[in-house]
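Undergrad: Here is my input; please provide its structure:
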Amino acid sequence: MTAITDLSALELSRAIHDRMVTCREVMSAYLDRIDRINPQINAIVSLRGREELLREAEERDAELEAGRSRGWMHGLPHAVKDLSEAAGIPCVFGSDIYRDYVPDFDDIQVERIRALGAIIIGKTNTPEMGLGSHTFNPVFGPTRNPYHTAKSAGGSSGGAAAALAARLVPVADGSDMMGSLRNPAGFNNVVGFRPSFGRVPALGGELFLGQLAVNGPMARSVADVAALLAVQTGYDARDPHSLPDEAFVLDPNVDMSGARIGWLGDYGGYLPFEDGVLDLCREALDVFRKIGCRVDDVSERFDMARLWESWRTLRHFLVAGGQNADYADPERRAKMKPEMIWEVENGQALTAPQVFAASSARSDWYRYVCGLFERFDFLVLPSAQVFPFDVTLHWPKTVGGREMDTYHRWMEVVIGPTMAGLPVAAMPAGFGGNGLPAGIQIIGRPRADLAVLHMAAAYESRIDWLRQLPEIAK
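TA: Numbering: from 1, shown residues only. Model prediction:
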């Protein structure tokens, strides 16, 4: 049989339920691999003790022997992104402020993952409070890219993506406000999926106004992504924005030929790109043509500078609201990274008319995108404007010869789907001449999550990039 850690999550589930391998053997194989590889990339943090985890695996085996399975994740090791609470495991948020925080409850998605039989082994690393698409923090340090350990794994789900690429976990959860399920997927040659807003309920600190960030799945295949999404999704009264239950079962007979693809590219020259990224992503459009899709450039334009200002205002507003109490305490403020302080102080200076104007601009963007979907079935963009960069940098200061005026300007390419609340599959686009991976975003109509997954599956069936493992994973 293929090595345990090389199996997809669904293949591993079948092997466990067919009793080809025990839950203890699965746990032991993954822990051995984590011991060997994780020190090189620092993707898994707050790892629980081996004996305790093996004991839980044996309990799962005993349940199967008694004829009871909790679900398809029964016995699978799972590490939760360190922005979601998992009872009894430190939830540090990458911050010195929360170094000692151990919750006594699970976030909603963690509840559901546990209920399906997964064993929570620890956490995946993230930037401080999830800010920035580069995973480093003062508590655990940086996460390194398995394809080149001197490079960034992206973020903020960088630990999750790197762990998947290195085969340290079979499937992973993540979250996405500014590309955090998309940028690291591209940087690590895995699959990420940003669901429609409200698709995955959460116990957010601000239930009614927080309408930019979502939780979602990451995996090494579209089928595994869909399987985890089916676990995460579904109505929960604790989240007032949560959408009704909906089945997310991939139909292998869906024919995606004839679909109309709109290439947004660099928005008519608005966005700068590192040499090679845009060309590589444009070449990936040939995959859609092989499927039988029609691919055309999007000629209709929106004022992207206006969208950026709207994004900045709303992000300042939300971050400041969430972190104001920590900022108000001088001892806690001293532990905040400069980017966090910048967000909070800008947010505190906002007026109500500014926030309303930003929301109006966002509404205009949504209407513009809906207009595009009258002509196209899917829109496509790169998932980042750069290749994985030096892990010691805080962020790329210039892109394509243009100076980046904020810590997140280099990721501007991801804000469009976020601002419209659209479903997006982050898929590989291949490797540049530097040997580093890049990715694309496949963007669907409002709430058309399953259609996006079907297109992503059709795309996946015609590429081999996902099978190209990093050297440390071989």
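Undergrad: count of neighbours near the residue lying closest to Pro470 once chain neighbours are set aside?
TA: Spatial nearest neighbour of Pro470, excluding adjacent residues (Cβ to Cβ, 6 or more residues apart in numbering): Pro146 at 3.9 Å. (C-beta placed from N, C-alpha, C; glycine too.) As a burial measure, Pro146 scores 29 neighbours (other Cβ atoms under 10 Å).
Undergrad: Surely Pro146 is in contact with Ile41?
TA: Yes - if you go by Cβ atoms under 8 Å, Pro146 and Ile41 touch, sitting 5.6 Å apart.
Undergrad: Quickly list what's touching both of the two.
TA: The contact sets of Pro146 and Ile41 overlap at 153, 162, 166, 472 (Cβ atoms under 8 Å, 6 or more residues apart in numbering).
Undergrad: Identify the residues contacting the third one.
TA: Going by Cβ under 8 Å, 6+ apart, Ala166 touches 33, 37-38, 41, 43, 146, 470, 472-473.
Undergrad: Can you give me every residue that contacts Asn346?
TA: Shown in contact with Asn346 (Cβ under 8 Å, 6+ apart): 312, 316, 320.
Undergrad: Considering the residues you listed, which possesses the most neighbours?
TA: His316 (22 neighbours).
Undergrad: And what about that one, helix, strand or coil?
TA: Classification of His316 by DSSP: H, G, I helix; E, B strand; the rest coil places it in helix.
Undergrad: Might you report the residue contacts of it?
TA: With contact set as Cβ under 8 Å, 6+ apart, His316 has these partners: 343, 346-347, 350.
Undergrad: Report pLDDT for it.
TA: Confidence per residue is given as pLDDT, and for His316 that number is 97.
Undergrad: Next up, phi/psi of the closest residue to it other than its chain neighbours, please.
TA: Spatial nearest neighbour of His316, excluding adjacent residues (Cβ to Cβ, 6+ apart): Gly347 at 3.8 Å. Dihedral angles of Gly347 (phi, psi; degrees, to the nearest 10) stand at phi -70, psi -40.
Undergrad: burial measure for Gly347, as a count.
TA: Using other Cβ under 10 Å, Gly347 has 23 neighbouring residues.
Undergrad: I'd guessed Val191 sits against Leu453; true?
TA: No - applying Cβ under 8 Å, one finds Val191 not in contact with Leu453, separated by 9.9 Å.
Undergrad: okay, and the common contacts of the two?
TA: Residues touching both Val191 and Leu453 by Cβ under 8 Å, 6+ apart: 222, 225, 425.
Undergrad: just checking, which of those belong to helices?
TA: When those are checked against helices (DSSP state H), the matches are 222, 225.
Undergrad: So for Leu203, what's the pLDDT?
TA: pLDDT, read off for Leu203, is 91.
Undergrad: again, but for Gln211
TA: Looking at Gln211, the pLDDT reads 88.
Undergrad: what about the most centrally placed residue in the chain, distance to Gly258?
TA: Geometric centre of the chain, nearest residue: Leu181, 1.6 Å, by Cα atoms, centre = their mean. The gap separating Leu181 from Gly258 is 28 Å, by Cβ to Cβ, to the nearest Å.
Undergrad: for this structure, what are the low-confidence residue spans?
TA: 1 (pLDDT under 70).
Undergrad: can you rerun that using 80?
TA: Scanning the chain for pLDDT under 80 picks out the ranges 1, 204-207.
Undergrad: How is the residue nearest to Glu274 when sequence neighbours are not counted assigned, secondary-structure-wise?
TA: Nearest non-adjacent residue to Glu274, counting by Cβ to Cβ, 6+ apart: Val386, 4.3 Å away. Look at Val386: counting by three-state DSSP, its state is coil.
Undergrad: ditto for Asp173
TA: Under three-state DSSP, Asp173 comes out as strand.
Undergrad: backbone phi and psi for the closest residue to it other than its chain neighbours, please?
TA: Of all residues not flanking Asp173 in the chain, Lys81 sits nearest, at 5.6 Å (Cβ to Cβ, 6+ apart). Dihedral pair for Lys81: phi -60, psi 140, per degrees, to the nearest 10.
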